[in-house]
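requesting a structural model of the entry that follows:
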Amino acid sequence: MDIIKKAKEVIDIEIDGLIQVRDALSSDFEGAVRLILGSRGRVVVCGIGKSGLIGRKLSSTLSSTGTPSLFLHPVEALHGDLGIISGEDVVIAISNSGDTEEILRLIPVLKDRGIPIIALTGRRNSRLSRMSDYVIDTGVKKEACALGLAPTASTTSALAVGDALAVVLLTLRNFSEKDFRKNHPSGSLGERLKIQVKEVMITGDNIPLISDEASIEEAIRELDKKGLGAVLIVDDTERLKGIFTDGDVRRTIVRLTQEGVGEEKEKGCSTQEIIDMRTAKIQTVMTQNPKFISPDVLAADAIALMEEHLITVLPVIDEAGKLCGIVHLHDLLGKGEFKFLV
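Numbers count the residues shown, from 1 in each chain. Got it, this is the predicted structure:
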């Protein structure tokens with residue numbers, strides 16, 4: 001047997017099947033799309049065997065592209081899991097033959113609840129077709145399997161129709177690249193670096209923040225409480241005045257403790273004034289005019305700025321010059337999602 005020739009024959013059969021399915025698209029496809037768009041519930045996808053595997057993929061694709069969905073095994077549904085389905089949901093039932101017994105036993109129960117059914121089937125005159133509100137024809141002339149038994153071209157056609165549903169829906173919902181990335185927070189690093197700082201920055205009460213009138217001790221307490229390795233210092237108009245980091249704490253303790261200064265005085269090498277960290281103002285030790293970034297800047301540019309200045313946090317300043325957040329290197333990369341081996 002010519003292996004390459006045989007492989008091409010299989011692919012050609014599947015291509016022919018896809019062309020057949022494309023040409024068979026009818027008003028029922030549009031009706032199914034409108035039904036899903038108008039639903040306030042989820043899309044519940046049902047299937048068994050190979051159709052079940054296609055259904056799981058369809059449900060996953062819908063969920064990640066703006067159409068909430070879940071997969072429900074028809075047998076489990078008949079043994080208690082029907083409680084998952086609400087009256088506002090839409091069901092997509094996948095069966096190439098349209099006579100899958102487990103699916104057919106489920107459909108009347110759903111119809112009694114007033115739940116609309118969309119069928120993906122290879123037979124428009126099947127029992128499933130007659131019981132459904134919309135029928136999308138996924139029929140092919142033949143399977144690519146030489147025995148004509150293993151689902152091959154038929155599952156490919158169902159997969160393609162499912163993709164067509166998902167893509168049409170995301171287009172009609174104006175689902176954007178930004179929306180897609182929100183549903184894929186563990187995606188590739190390259191994709192993550194395309195997000196804007198404002199999508200991952202820390203805001204509100206989670207910002208490690210103190211007044212410029214606060215003491216060094218208060219700064220250290222806030223630093224320890226928020227756990228970001230830095231505390232931001234602002235004036236009474238919320239404008240950034242400085243930053244105080246874990247490293248600054250270490251350097252301050254070495255420089256300002258009475259024991260350290262006393263030793264330096266004994267050596268005659270310092271006349272530095274001793275400062276009590278419990279009462280001294282943070283203004284005396286903070287780093288003034290720290291580096292900052294705009295909320296609209298890309299994560300990649302924020303990381304570049306951090307690398308240039310060897311820092312791991314950046315205050316985020318809005319157009320009015322006021323503090324609106326703080327971003328940490330881990331948030332830009334995806335905390336816990338990227339591991340570096342050395």
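
all contacts plus neighbour counts: C-alpha atoms, from now on.
Fine.

low-confidence ranges, this protein, go.
For the chain, the stretches flagged by pLDDT under 70 are 178, 181-194, 255-277, 334-342.

can you map out the helices along it?
Counting by DSSP state H, the chain has helices at residues 3-24, 27-38, 50-64, 74-77, 101-112, 127-131, 153-172, 177-182, 189-192, 216-226, 246-256, 258-266, 299-309, 329-333.

let me know which of these is the nearest to Asp235.
Asp235 sits nearest to helix 216-226 of all these, at 14.1 Å, using CA to CA.

now that closest one against helix 246-256, angle please.
Helix 216-226 runs at 150 degrees relative to helix 246-256, counting by axes from the mean of the first three to the mean of the last three CA atoms, to 10 degrees.

tell me what helix 216-226 is packed against?
strand 209-211, strand 230-234 (3 or more CA pairs under 8 Å, 6 or more residues apart in numbering; DSSP states H and E).

same for the shortest one, what does it pack against?
To tie it back to what came earlier, the one meant is strand 209-211. helix 216-226, strand 230-234.

out of these, which comes closest to Leu209?
Across the helices and strands packed on strand 209-211, the minimum distance to Leu209, taken as CA to CA, is reached by strand 230-234, at 4.9 Å.

parallel or antiparallel, which strands does the closest one pair with?
Paired neighbours of strand 230-234 in the sheet (DSSP bridges): strand 209-211 (parallel), strand 240-245 (antiparallel).

out of the ones you listed, nearest to Met286?
Nearest of the strands paired with strand 230-234 to Met286, taken as CA to CA: strand 240-245 at 5.1 Å.

what distance separates stretch 151-169 from the centre of its chain?
23 Å (CA atoms, centre = their mean, to the nearest Å).

what are the buried residues along that stretch?
Across stretch 151-169, burial judged by 16 or more other CA atoms under 10 Å covers 151-163, 165-167, 169.

repeat for stretch 301-311
For stretch 301-311, burial by neighbour count (16+ other CA under 10 Å) applies to Ala302, Ile303, Leu305, Met306.

now stretch 131-151
Those would be 131-140, 142-144, 151, for stretch 131-151 by 16+ other CA under 10 Å.

circling back to that earlier point, JSON lines for the helices of the chain, including distance to Asp205?
Listed next are those as JSON lines, based on distance: least, CA to CA, whole Å:
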{"stretch": "helix 3-24", "distance to Asp205": "53"}
{"stretch": "helix 27-38", "distance to Asp205": "37"}
{"stretch": "helix 50-64", "distance to Asp205": "30"}
{"stretch": "helix 74-77", "distance to Asp205": "44"}
{"stretch": "helix 101-112", "distance to Asp205": "47"}
{"stretch": "helix 127-131", "distance to Asp205": "54"}
{"stretch": "helix 153-172", "distance to Asp205": "35"}
{"stretch": "helix 177-182", "distance to Asp205": "23"}
{"stretch": "helix 189-192", "distance to Asp205": "25"}
{"stretch": "helix 216-226", "distance to Asp205": "10"}
{"stretch": "helix 246-256", "distance to Asp205": "20"}
{"stretch": "helix 258-266", "distance to Asp205": "35"}
{"stretch": "helix 299-309", "distance to Asp205": "22"}
{"stretch": "helix 329-333", "distance to Asp205": "17"}
